[in-house]
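**Q** Pasted the sequence and its predicted model underneath.
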Amino acid sequence: MGAELSEQEASAMLNAATRVVARACAMSRGVQASFESGAELKKRDASPVTVADFAVQALILAELHELYPSHKFIAEETSSALQRDENLLLQVQATVNAARELSSRPPLSAQALCAALDLGNYAEPHDPERPQFVWVLDPIDGTKGFMRKQQFCIALALLQHGIPHIGLLGCPNLPPSLMDASADGFRDTRENGGVMFHALR
């Protein structure tokens with residue numbers, strides 16, 4: 001087992017994660033504003049999934065993988081729906097690349113976009129090497145709230161050897177005025193939309 005994260009290392013990872021989650025919050029707000037009822041897909045368990053679910057996951061996992069190529073990821077979506085539906089793929093690709101352009105990152109090809117989504121397929125019990133760091137992402141927690149143009153959040157955590165060290169919750173539609181700006185772990189992200197909470201172990 002590797003050494004536990006130092007305070008400096010944890011702070012750097014938190015800052016990197018915060019930046020990409022903030023961009024994902026702004027991006028998802030834009031997708032939500034133009035969302036029309038009936039545009040969602042249905043997964044095998046009949047739960048809905050939208051362009052935002054795919055776009056948020058691809059944006060966050062692609063950037064974290066670029067920063068931390070040895071880290072693994074567990075997330076909800078896969079690229080299978082996009083590979084079956086070219087129009088959906090193009091929508092997600094355009095959404096993600098517009099957000100990446102704002103941070104001066106190169107656009108993702110369709111192949112790279114699908115690969116980024118599928119980074120979230122890591123299955124730890126079947127990996128004999130058990131990586132030190134695993135990020136866990138729920139790209140849109142509250143898809144029905146998203147579809148109703150109400151509340152939803154983006155939830156991201158970093159595990160080291162299975163122990164949570166960093167937690168982030170991006171709430172794109174939560175009014176900052178409801179929060180105590182002096183509270184620990186609170187960030188006002190009005191320039192990107194909503195607020196964000198974080199915790200460090």
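**A** Done, it's in. Residues are numbered from 1 along each chain as shown.
**Q** Spell out the residue ranges of the helices in the chain.
**A** 7-33, 51-67, 80-84, 86-102, 110-118, 143-147 (DSSP state H).
**Q** wait, what's in contact with Leu5?
**A** Leu5 sits next to Met13, Gln160, His165 when contact means Cβ atoms under 8 Å, 6 or more residues apart in numbering. Any C-beta I mention is one placed from the backbone N, CA and C, and that applies to glycine too.
**Q** returning to that earlier point: looking at the helices of the chain, which has the lowest confidence?
**A** Lowest mean pLDDT within the helices of the chain: helix 143-147, a mean of 89.
**Q** winner for burial among the helices of the chain?
**A** Greatest average neighbour count among those goes to helix 51-67 (a mean of 25), per mean count of other Cβ atoms under 10 Å.
**Q** Show me what that one is packed up against.
**A** Contacts defined by 3 or more Cβ pairs under 8 Å, 6 or more residues apart in numbering; DSSP states H and E place helix 51-67 against helix 7-33, strand 72-75, helix 86-102, helix 110-118, strand 133-141, strand 153-160.
**Q** Going by neighbour count, list what's buried in stretch 150-166.
**A** By neighbour count on 16 or more other Cβ atoms under 10 Å, the buried set for stretch 150-166 is Phe152, Cys153, Ile154, Ala155, Leu156, Ala157, Leu158, Leu159, Gln160, His165, Ile166.
**Q** ok, the residues you listed vs Ala26, which is closest?
**A** Ile154 (10.8 Å; Cβ to Cβ).
**Q** Does that closest one have any beta-bridge partners, and if so which?
**A** Beta-bridge partners recorded for Ile154 (DSSP bridges): Gly170.
**Q** I am finished for the moment; much appreciated.
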